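Q: following is a predicted model, sequence given first.
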Amino acid sequence: MKTDAIIEILGYANGNLLPVRLVLRDGSEVTGVPSSVDLHPTAHEVFLRPAGDDDTEIGISLTAIVSAELG
């Protein structure tokens, strides 16, 4: 999946408080609601809140994501 498509899905999910399922380069999967998508070249990452855990945020580099889907 191309980075532009991943960013589009993450941006839509972030704006609508929808969960996403991400598959990472190492084969692991992460599910959560994006709290922010930072496209600045020095950051280039997404922050997710795992389902059911509003006190935790996970930062993931956009380059580590191979696919994203609403979920």
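A: Right, received. Where do you want to start? Residues are numbered from 1 along each chain as shown.
Q: and the most centrally placed residue in the chain, how far from residue 30?
A: With distances taken as Cα atoms, centre = their mean, residue 46 lies nearest the centre of the chain, 4.9 Å away. Counting by Cβ to Cβ, to the nearest Å, the gap from residue 46 to residue 30 is 10 Å. (Glycine included, C-beta is placed from N, CA and C.)
Q: which residues does the residue nearest to the centre of the chain contact?
A: Contact analysis of residue 46 by Cβ atoms under 8 Å, 6 or more residues apart in numbering lists 10, 34, 36, 37, 38, 59, 60, 62, 65.
Q: the longest strand along the chain: what's the following helix or strand?
A: With secondary structure taken from DSSP state E, the chain has its longest strand at strand 29-38. Per DSSP states H and E, strand 29-38 leads on to strand 45-50 as the next helix or strand towards the C-terminus.
Q: direction included, what does that next one pair against?
A: Next to strand 45-50 in the sheet, as set by DSSP bridges, lie strand 29-38 (antiparallel), strand 58-61 (antiparallel).
Q: enumerate the positions of the longest strand of the chain that are buried.
A: Using 16 or more other Cβ atoms under 10 Å as the test for burial, strand 29-38 gives 30, 32, 33, 34, 37.
Q: residue 49 is in contact with the third one, correct?
A: This means residue 33. Yes. Counting by Cβ atoms under 8 Å, residue 49 is a contact partner of residue 33 at 5.1 Å.
Q: that older thread, in a markdown table, list the strands paired with strand 45-50 along with distance to residue 17 and mean pLDDT.
A: As requested, the strands paired with strand 45-50 are exported to a markdown table (distance: least, Cβ to Cβ, whole Å; pLDDT from 0 to 100):
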| stretch | distance to residue 17 | mean pLDDT |
| --- | --- | --- |
| strand 29-38 | 6 | 95 |
| strand 58-61 | 16 | 96 |
